[in-house]
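Chemist: model this:
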Amino acid sequence: MRRNLTAYGFLCGALICFAFFSWYPMVRQVILSFQKTNFVDAPEWVGLKNFRTVFSDPAFAPAWINTAMFTLLALLCGYVIPFITAIVLNELRHARAYLRFVVYLPVMLPPAVGVLLFQWFYNPDYGLFNQVLGFFHLPGLQWLNSSGTALISLVIVSTWMNMGSGTLIYLAALQTIPSELYEAAELDGAGLFKRIRHITIPQTKLILLVMLLLQIVATMQVFIEPYLLTGGGPENSTVTVVYLMYQYAFNFGSLNAGNALGLMLMLVLMVFSAIYLRVSRDNTV
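Modeler: Residues are numbered from 1 along each chain as shown. Modelled structure (predicted):
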């Protein structure tokens, strides 16, 4: 204990920060979920009333469905595309450092800047995407104003803004694969797709699983895109769980109901977090 006193001192600082900024708010969220308070008068315990309020909201079911659909679409785009991009970058022999910078550049932009940039892209009158469609003599789309395209439009924004981090993680994992495996496969006449199937994917199976679980946890908390681009519309087609929490807390004047909804989401995310910890622990062992 005496020998490691300095290390424990540094650890205490981190623990205090976690306790104050992470653990305490989570405990308060659980308490507020079962209370009615305006932070002026004494709080009143109301049991499950806040949860009943949330369950009876017509936007409750669409919020969970939209969140699940956003997560699924984000996995199809934001999970697969970074892995493919990392494979392409790993196969290149020239300009690899420059292309890594280009891929990671959107991550360095403030999220609001990236979202507002796509707001211009999606404009039905003069937006870039409709101009491209018009160049090919295709009809323009109401990207954010149609319930059929609004959600996938948010997925495109999220993928563009976040794919850089995943690409670099995958690229780092690919570079740990022994080159002798690829050389032996090439001598046996294996093409690119066979090398990916029999070498790349098996050698990166763990990092693929970990990134899958982390992406599920991250995408289920989507908020910035619907908040800045669609406001939950049209027709509640882009209302997500976190956006509905924000609505309860700051627009509907029901912070306690928002905390009740947040507690439900936290329990769902804890399941995926437990899976992530189990996978990480098995790899360490």
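Chemist: which element is Ser165 on?
Modeler: Element membership of Ser165 [criterion: DSSP states H and E] is helix 150-174.
Chemist: And the next helix or strand past that helix?
Modeler: helix 179-187.
Chemist: which residues sit against that following helix?
Modeler: 194-195, 198-199, 203 (CB atoms under 8 Å, 6 or more residues apart in numbering). In this view, the C-beta of every residue, glycine as well, is placed from N, C-alpha and C.
Chemist: Now list the buried members of these.
Modeler: 195, 199, 203 (16 or more other CB atoms under 10 Å).
Chemist: Tell me where this structure has strands.
Modeler: Ranges of strands in the chain, per DSSP state E, are 35-36, 44-45.
Chemist: Sheet partners, orientation included, of the first one?
Modeler: Put plainly, it is strand 35-36. Neighbouring strands of strand 35-36 in its sheet, by DSSP bridges, are strand 44-45 (antiparallel).
Chemist: and the strand it pairs with, average pLDDT?
Modeler: Strand 44-45 carries an average pLDDT of 90.
Chemist: What are the contacting residues of it?
Modeler: Counting by CB under 8 Å, 6+ apart, 34-37 sit against strand 44-45.
Chemist: Just the buried ones from the residues you listed, in PyMOL syntax?
Modeler: Buried members of the contacts of strand 44-45, defined by 16+ other CB under 10 Å, are picked up in PyMOL with:
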select buried, resi 34+35+36
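Chemist: and of the contacts of strand 44-45, the nearest to Gly189?
Modeler: Phe34 (65.7 Å; CB to CB).
Chemist: Help me confirm that the closest one comes into contact with Gly47.
Modeler: Yes - counting by CB atoms under 8 Å, Phe34 touches Gly47, with 6.2 Å between them.
Chemist: residues contacting the closest residue to Asp57 other than its chain neighbours?
Modeler: In space, and not counting its chain neighbours, Asp57 is closest to Leu244: 7.7 Å by CB to CB, 6 or more residues apart in numbering. Applying CB under 8 Å, 6+ apart to Leu244 gives the contacts 57, 59-60, 63, 232, 261.
Chemist: again, but for Phe10
Modeler: Contacts of Phe10 (CB under 8 Å, 6+ apart): none.
Chemist: distance of it from Ala86?
Modeler: Separation of Phe10 from Ala86 (CB to CB, to the nearest Å) stands at 34 Å.
Chemist: Format the contacts of strand 44-45 as CSV; extra columns: pLDDT.
Modeler: Shown next, in CSV, are the contacts of strand 44-45 (pLDDT from 0 to 100):
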residue, pLDDT
Phe34, 93
Gln35, 89
Lys36, 88
Thr37, 85
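Chemist: Nearest to Ala172, out of the contacts of strand 44-45: which one, please.
Modeler: The shortest gap between Ala172 and any of these belongs to Phe34, at 44.5 Å (CB to CB).
Chemist: For the closest one, give its distance to Asn256.
Modeler: Applying CB to CB to Phe34 and Asn256 gives a distance of 8 Å.
Chemist: ok, back up a step: report the buried residues of the helix holding Ser165.
Modeler: Neighbour-count burial for helix 150-174 flags 150-151, 153-164, 166-171, 173-174 (criterion: 16+ other CB under 10 Å).
Chemist: for stretch 62-80, same thing?
Modeler: Here stretch 62-80 shows 62-64, 66-67, 69-71, 73-74, 77-79 as buried, counting by 16+ other CB under 10 Å.
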